[in-house]
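Trainee: here you go, sequence then predicted model.
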Amino acid sequence: MKHLFTHIIQRLQLRESWIIFFILGIIMMTFPFLHIFNKPILILGVPLLFLYLTGGWIISIVVIYLFMSASRHAEKTTDEKNKP
């Protein structure tokens, strides 16, 4: 499990990943996607559009957390390499 987490953290250190997730977040907020989920459907009494927006918000928080963890991990390894 720790190996998987370390692998994910190393992959998220790429600048391209930041850009891809940012663009994906912008695309999720465009009219076509909002229109797809703006239906009079209730899931457990909650409107579908509300679930879509809340789910996207939660996923973005998790992605930002992973990116920040990757950043901290990179700083720690860099500091350890620079110590005499």
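Mentor: Cool, the structure landed.
Trainee: per-residue confidence at the residue nearest the centre of the chain?
Mentor: Nearest to the geometric centre of the chain sits Val63, at 2.3 Å (Cα atoms, centre = their mean). Looking at Val63, its pLDDT is 86.
Trainee: residues contacting the nearest residue to it once chain neighbours are set aside?
Mentor: Nearest residue to Val63 in three dimensions, chain neighbours excluded: Phe21, at 5.4 Å (Cβ to Cβ, 6 or more residues apart in numbering). For every residue, glycine as well, the C-beta is placed using N, CA and C. With contact set as Cβ atoms under 8 Å, 6 or more residues apart in numbering, Phe21 has these partners: 60, 63, 67.
Trainee: quick check: bridge partners of Val46?
Mentor: Ile43 (DSSP bridges).
Trainee: pLDDT of the helix or strand hosting the residue nearest to Val63, averaged?
Mentor: For Phe21, the host element (DSSP states H and E) is helix 15-28. The average pLDDT for helix 15-28 rounds to 84.
Trainee: packing partners for the helix or strand just after it?
Mentor: Downstream of helix 15-28, the first helix or strand assigned by DSSP H and E is helix 31-37. If you count contacts as 3 or more Cβ pairs under 8 Å, 6 or more residues apart in numbering; DSSP states H and E, helix 31-37 packs onto helix 48-82.
Trainee: quick one: the helix holding Phe21 to helix 48-82, angle?
Mentor: Compare the direction of helix 15-28 with that of helix 48-82 by axes from the mean of the first three to the mean of the last three Cα atoms, to 10 degrees and you get 170 degrees.
Trainee: buried set for helix 15-28?
Mentor: The neighbour-count check on helix 15-28 (16 or more other Cβ atoms under 10 Å) flags 21, 28 as buried.
Trainee: thank you, goodbye.
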